[in-house]
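Undergrad: Return atomic coordinates for the entry below.
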Amino acid sequence: MKALWWLSALLLTAGGPRQESMAQATVTEAPAGVEDPALAGGDTTVFDASHNAFGRALGNLAPSRWYSMREGKLLFMRDWAEHDARLPGALTNATHCGACHFKDGRGRPPPDVGAEAPLLVRLSVPSPDAPGGRPEPVYGVQLNDRGAAGVAPEGTVQVTYAEVKGTYADGTPYTLRKPRYRIANLGYGRLSPKTMLSPRISSPVFGLGLLEAIPDAAIEALADAEDRDGDGISGRPNRVISVRDGKTRLGRYGWKANQPTLEQQVASAYSEDMGLTSSHYPESNCTPKQAQCLTGAAAQAPALSGHTVERTTLYLRLIGVPARRDVTEPAVVKGEALFQQVGCSACHQREFTTGEVQDIPELSNQRIRPYTDLLLHDMGPELADGRPDGEASGSEWRTPPLWGLGLLETVNRQVRMLHDGRARSFEEAILWHGGEGARAREGFKALDATEREALVTFLRSL
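TA: Numbering: from 1, shown residues only. Below is the predicted model:
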């Protein structure tokens, strides 16, 4: 008997969730055959290509979980400054999760914030006893550009671009943008002259439960730190500390894979982006140099209950991945072959199978197609930020998943890619690849115009 998919079990919009009854939900037969390449998330796949595509519940989610997911969504969208003036931190980048993850994607669309995707800037200074560096002594681990009443913001990031021109092998010209960053309007004095900066844009939050369900062994099996096979690709895992038990674990989340679990990623975002303490991060994000901030943060600690962190995490675990589209179209099929031919698939691994997930069996044993290996790769000086993070060097980045890539413009009404949003198109993102990605970049540049378009058409199908 074919499995049944609940396609509209939970409609999650920017304004909040709407629980649909079983009578209202649309039921349909799953596409025939487990090999169907459209099923990016296996049985969890969501069949929605609308502006709500990134905010749907797992396609196979049990109805008994809908209300728990709804509760988590409300917390994800809750404006903490509006609902409880005691809770927001004195220094923040946002007052609710949805401010950075518009419709569960990335930064808000241009009409809301201007032409660029919003950036935050990670900070650190070198330290001989900490390979990943230490927090900047005055401003901490992250530049917060918002302050509560009576508390000065830490500063603002200003971006300018220089044009970088190039030419494809067939003579077609292209232009890239090289960003330059400046921290202005500093509220607490100068930054340390040794400060290392890492600008970051937000990442989509769908499919994170599936990524967490990939067994460590499956990720580690792809690592080849010494490039023993001689293919020029030497991915390696980031090993990071779990704040729950102090043990070293495999990093999975973040641009440099610096968080080992989704729960820790959530608690870290509450702490660093919104200044909200929890049992995971009980210390305020104020530094000893910020007296007004410390006074404002002393009211309550921890600000968040364990239930809030758990429910927010559960919501993210239960968001499904949108199905691919047009998978049998000749241009898409040709483009995927070219994707493999030029070497993109060496890092953007097509498939994994999830392990057993005891508390959410819907995530178990799913054949998923995220197009990532979740490993660190040296991307060369072109993309280096010069700032280590855990065991990741200043030129290493985690391979980002590509699923849902073709719906970015539909959902977020903008296409800004790479860690700092410099790439305005799929082509630009590829052309910025250096280091271990240089061979794939050169392979792409060597294609003729028709082939390049086919490869991009494949990316739009994801």
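Undergrad: ok, Leu304 - contacts?
TA: Counting by C-beta atoms under 8 Å, 6 or more residues apart in numbering, Leu304 makes contact with Leu87, Ala267, Tyr270, Leu276, Thr277, Ser278. In this view, the C-beta of every residue, glycine as well, is placed from N, C-alpha and C.
Undergrad: redo that, cut-off 7 Å
TA: By C-beta atoms under 7 Å, 6 or more residues apart in numbering, the contact list for Leu304 reads Tyr270, Leu276, Thr277, Ser278.
Undergrad: Per-residue pLDDT of the residue nearest to Glu382 when sequence neighbours are not counted, please?
TA: Computed as C-beta to C-beta, 6 or more residues apart in numbering, the closest residue to Glu382 that is not its neighbour in sequence is Gly434, at 3.7 Å. At Gly434, the model reports a pLDDT of 96.
Undergrad: Got phi/psi on Gly434?
TA: phi -130, psi -170 (degrees, to the nearest 10).
Undergrad: So which bits of stretch 130-148 are buried?
TA: Residues of stretch 130-148 classed as buried by neighbour count (16 or more other C-beta atoms under 10 Å): 132-133, 135-136, 138-148.
Undergrad: ok, which pair from the contacts of Leu304 is furthest apart?
TA: For these, the maximum inter-member distance is 8.0 Å, found between Tyr270 and Thr277 (C-beta to C-beta).
Undergrad: Looking at the two, which has the bigger crowd around it?
TA: Tyr270 (25 against 22; other C-beta atoms under 10 Å).
Undergrad: Can you name the residues in contact with the helix or strand harbouring the more buried one?
TA: Taking DSSP states H and E as the definition, Tyr270 sits inside helix 262-274. By C-beta under 7 Å, 6+ apart, the residues outside helix 262-274 that reach it are 80, 88-89, 92-95, 100, 141-142, 208, 212, 242-243, 253-254, 259, 276-278, 280-281, 285, 304, 309, 312-313, 316-317.
Undergrad: let's see it at 6 Å
TA: 89, 92-94, 142, 208, 212, 243, 253, 259, 276, 278, 280-281, 285, 309, 312-313, 316 (C-beta atoms under 6 Å, 6 or more residues apart in numbering).
Undergrad: From these, which land in helices?
TA: Leu208, Glu212, Val309, Thr312, Thr313, Leu316 (DSSP state H).
Undergrad: Let me see the contact set for the last one.
TA: Yep, that's Leu316 we're talking about. Counting by C-beta under 6 Å, 6+ apart, Leu316 has contacts Val205, Leu208, Leu262.
Undergrad: Mind giving me the PyMOL select for those residues, buried ones only?
TA: Buried residues among the contacts of Leu316 (16+ other C-beta under 10 Å), as a PyMOL selection:
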select buried, resi 205+208+262
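Undergrad: and the contacts of Leu316 as CSV, adding pLDDT and distance to Asp170?
TA: Below are the contacts of Leu316 laid out as CSV (pLDDT from 0 to 100; distance: C-beta to C-beta, whole Å):
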residue, pLDDT, distance to Asp170
Val205, 95, 39
Leu208, 98, 40
Leu262, 97, 44
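Undergrad: Please give the element, helix or strand, for Ala331.
TA: Applying DSSP H and E, one finds Ala331 within helix 330-341.
Undergrad: elements contacting that helix?
TA: Counting contacts by 3 or more C-beta pairs under 6 Å, 6 or more residues apart in numbering; DSSP states H and E, helix 330-341 is packed against helix 449-460.
Undergrad: swap the cut-off to 10 Å and go again
TA: helix 438-446, helix 449-460 (3 or more C-beta pairs under 10 Å, 6 or more residues apart in numbering; DSSP states H and E).
Undergrad: Please spell out which residues along that helix are buried.
TA: Ala331, Val332, Val333, Lys334, Gly335, Glu336, Leu338, Phe339.
Undergrad: Report the contact partners of the fourth one.
TA: In this case it means Lys334. Thr450, Glu451, Glu453, Ala454, Leu455, Thr457, Phe458 (C-beta atoms under 10 Å, 6 or more residues apart in numbering).
Undergrad: Just the buried subset of those residues, please.
TA: Using 16+ other C-beta under 10 Å, the buried members of the contacts of Lys334 are Glu451, Ala454, Leu455, Thr457, Phe458.
Undergrad: any idea how far Val159 is from the nearest residue to the fourth one once chain neighbours are set aside?
TA: Which is Thr457. Of all residues not flanking Thr457 in the chain, Ala331 sits nearest, at 4.5 Å (C-beta to C-beta, 6+ apart). Look at Ala331 and Val159: by C-beta to C-beta, to the nearest Å, they are 35 Å apart.
Undergrad: mind checking how far the residue most central in space within the chain is from Arg252?
TA: By C-alpha atoms, centre = their mean, the mean C-alpha position of the chain lies nearest to Ser203, the distance being 2.8 Å. Per C-beta to C-beta, Ser203 is found 12 Å from Arg252.
Undergrad: likewise Val309?
TA: 17 Å.
Undergrad: Show me where this structure has its helices.
TA: So, for the chain - with DSSP H - the helices run 66-77, 80-83, 110-113, 208-212, 216-220, 262-274, 291-297, 306-317, 330-341, 408-412, 426-431, 438-446, 449-460.
Undergrad: who's in contact with the fifth one?
TA: Spelled out, that is helix 216-220. With C-beta under 10 Å, 6+ apart, helix 216-220 has contacts from 211, 235-237, 249-252, 257, 260, 349, 351-355, 372-375.
Undergrad: let's see 6 Å
TA: Leu250, Phe352, Leu374.
Undergrad: Just the ones in strands from those, please.
TA: Judged by DSSP state E, the subset of these located in strands is Leu250, Phe352.
Undergrad: so which of the contacts of helix 216-220 would you say is closest to Thr44?
TA: Of the contacts of helix 216-220, the one sitting nearest to Thr44 (C-beta to C-beta) turns out to be Phe352, at 13.0 Å.
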